[in-house]
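Engineer: My questions concern the predicted model and sequence given below.
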Amino acid sequence: MPRTPSRARGTLGVALVLAALGGPLLLPGRAQPAADVARGRYIFGAAGGCGCHTVPGQPPNSGGRRYDGPFGTVYSTNITPDRETGIGGWTDEQIITAIRLGRRPNGERLIPVHPYPVFNGMAEEDLRALVAFLRTVPPVRRPNQPKRITVPFFESVFLPAWLAAFAPRETPPPRAPTAGLARGEYLVRAVGHCGECHTPRTVTMAPDQSRFLAGNPRGPENSVVPNITPDRETGLTWSEEEIAEYLGTGNKPDGDVAGGLMGEVIQGTLAGYRDMTLADRLAIARYLKSIPPVRHRVTRTP
């Protein structure tokens, strides 16, 4: 029998040790199982195609989209598998830690414009599938644009205190729910992170959970985000079927179509809400019809 080269023996040894421990081989550049990639693409679409990481007209996931806040300005990062400017050199665990806990491999804390306190509620199986999909996206060499923080001691003092006192924190389920209200709640609260846009903010800029999904007059990119609680006067009065149709096509019952950020997440980049199954879109609709109605008319005077 020919001798196995030492490098191959080393790789095989790692694989055998991990297999013995019951864990997968999580190495950058490894071929991803087709089923994991397909599931990951679906989760990517249910998260709105991670459009925050794509500048319209630029390669998907290559970063550079600008977000202004009371603390300064940040730019979304390159999450393509480019090894120099993206996440190609990160391990699966490092990517999951960034998604769920907001920490880069070097320990740097992410600004919660990336909604990691909410993404923390995603099931482990979905996160691992999402990582498998992200590794298949064409790499783009695009250096990340540095953030511009204007508040002194923001990252060292104020951000940790804010996260501890005010940040929402979703709890991941042992396994992703597959049907019913539990499925709808999971897709809305964790994967779709709908509350990040549709929930009004308090004076501390934390989501006002007492008015969950009641609309935000000053949403991301200065958008006006509607109340989608089932309040009959100020909220979402569409039927479940009409909500599901809207999520899949962007078509409203009155003949209008989704625009702005909602139009973007429905269409997605490499996938979007439109790629969700009818069953999942109906699960979202049923969950939205089940939450407490909040009377909050979203208006803003220029």
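Structural biologist: Thanks, I have the structure now. Numbering: from 1, shown residues only.

Engineer: Count the neighbours of the residue lying closest to Val191 once chain neighbours are set aside for me.
Structural biologist: Of all residues not flanking Val191 in the chain, Ala46 sits nearest, at 4.8 Å (C-beta to C-beta, 6 or more residues apart in numbering). (C-beta placed from N, C-alpha, C; glycine too.) By other C-beta atoms under 10 Å, 26 other residues sit near Ala46.

Engineer: pretty sure Ala46 is touching Asp280, no?
Structural biologist: Yes - at 7.1 Å, Ala46 counts as touching Asp280 under the criterion of C-beta atoms under 8 Å.

Engineer: Name the residues contacting each of the two.
Structural biologist: Taking C-beta atoms under 8 Å, 6 or more residues apart in numbering as the contact rule, Ala46 and Asp280 both touch Leu187.

Engineer: can you give me the helices for this structure?
Structural biologist: Along the chain, the segments classed as helices by DSSP state H run 6-21, 34-46, 92-101, 116-119, 124-134, 159-165, 180-186, 195-198, 240-249, 260-267, 278-290.

Engineer: can you pull the buried residues of the fourth one?
Structural biologist: Neighbour counts using 16 or more other C-beta atoms under 10 Å place Tyr116, Pro117, Val118, Phe119 of helix 116-119 among the buried residues.

Engineer: Could you dump those residues into JSON lines with pLDDT and distance to Thr77 added?
Structural biologist: Formatted as JSON lines, the buried residues of helix 116-119 follow (pLDDT from 0 to 100; distance: C-beta to C-beta, whole Å):
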{"residue": "Tyr116", "pLDDT": "94", "distance to Thr77": "13"}
{"residue": "Pro117", "pLDDT": "93", "distance to Thr77": "18"}
{"residue": "Val118", "pLDDT": "94", "distance to Thr77": "18"}
{"residue": "Phe119", "pLDDT": "96", "distance to Thr77": "15"}
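
Engineer: ok, now which ones touch the residue nearest the centre of the chain?
Structural biologist: Taking C-alpha atoms, centre = their mean, the centroid of the chain lies closest to Ala47, which sits 4.7 Å from it. For Ala47, the contact set (C-beta under 8 Å, 6+ apart) comprises Leu130, Val191, Gly192, His193.

Engineer: Just name the closest of those residues to Thr178, please.
Structural biologist: Using C-beta to C-beta, Val191 is the member of these that lies nearest Thr178, at 13.1 Å.

Engineer: got a list of what Asp126 touches?
Structural biologist: Arg39, Gly40, Ile43, Ala176, Val191.

Engineer: Neighbour-wise, which one of these leads?
Structural biologist: Of those, with other C-beta under 10 Å as the count, Val191 tops at 26 neighbours.

Engineer: For that one, give me the pLDDT.
Structural biologist: Here the pLDDT value assigned to Val191 is 97.

Engineer: Check Gly102 too.
Structural biologist: Reading off the model, Gly102 has pLDDT 95.

Engineer: And for it, the neighbour number?
Structural biologist: 21.

Engineer: give the contact list for it.
Structural biologist: Gly102 neighbours (C-beta under 8 Å, 6+ apart): Arg109, Leu110, Pro112, His114, Tyr116, Pro117.

Engineer: wait, Leu236 sits on Pro226?
Structural biologist: Yes - in this structure, Leu236 is within contact of Pro226 by C-beta under 8 Å, at 7.5 Å.

Engineer: which stretches of the chain have low pLDDT?
Structural biologist: Applying pLDDT under 70 to the chain flags residues 1-30, 300-302.

Engineer: how does it look with 90?
Structural biologist: Where the chain drops to pLDDT under 90, the residues are 1-33, 50-51, 69, 166-171, 218-223, 299-302.

Engineer: right, and Leu101 touches Pro117 too?
Structural biologist: No - the criterion here is C-beta under 8 Å, and Leu101 misses it with Pro117 at 9.0 Å.

Engineer: Columns distance to Asp208 on top of the contacts of Asp126, output as a markdown table?
Structural biologist: Listed next are those as a markdown table, based on distance: C-beta to C-beta, whole Å:
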| residue | distance to Asp208 |
| --- | --- |
| Arg39 | 33 |
| Gly40 | 32 |
| Ile43 | 27 |
| Ala176 | 27 |
| Val191 | 21 |
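
Engineer: if we take these, which one ends up nearest to Leu213?
Structural biologist: For the contacts of Asp126, the nearest to Leu213 is Val191 (15.0 Å; C-beta to C-beta).

Engineer: quick one: the closest one and Val257, what's the gap?
Structural biologist: 24 Å (C-beta to C-beta, to the nearest Å).

Engineer: Over to Tyr67?
Structural biologist: Per C-beta to C-beta, Tyr67 is found 25 Å from Val257.

Engineer: And Ala34, by the same measure?
Structural biologist: Taking C-beta to C-beta as the measure, Ala34 falls 34 Å from Val257.
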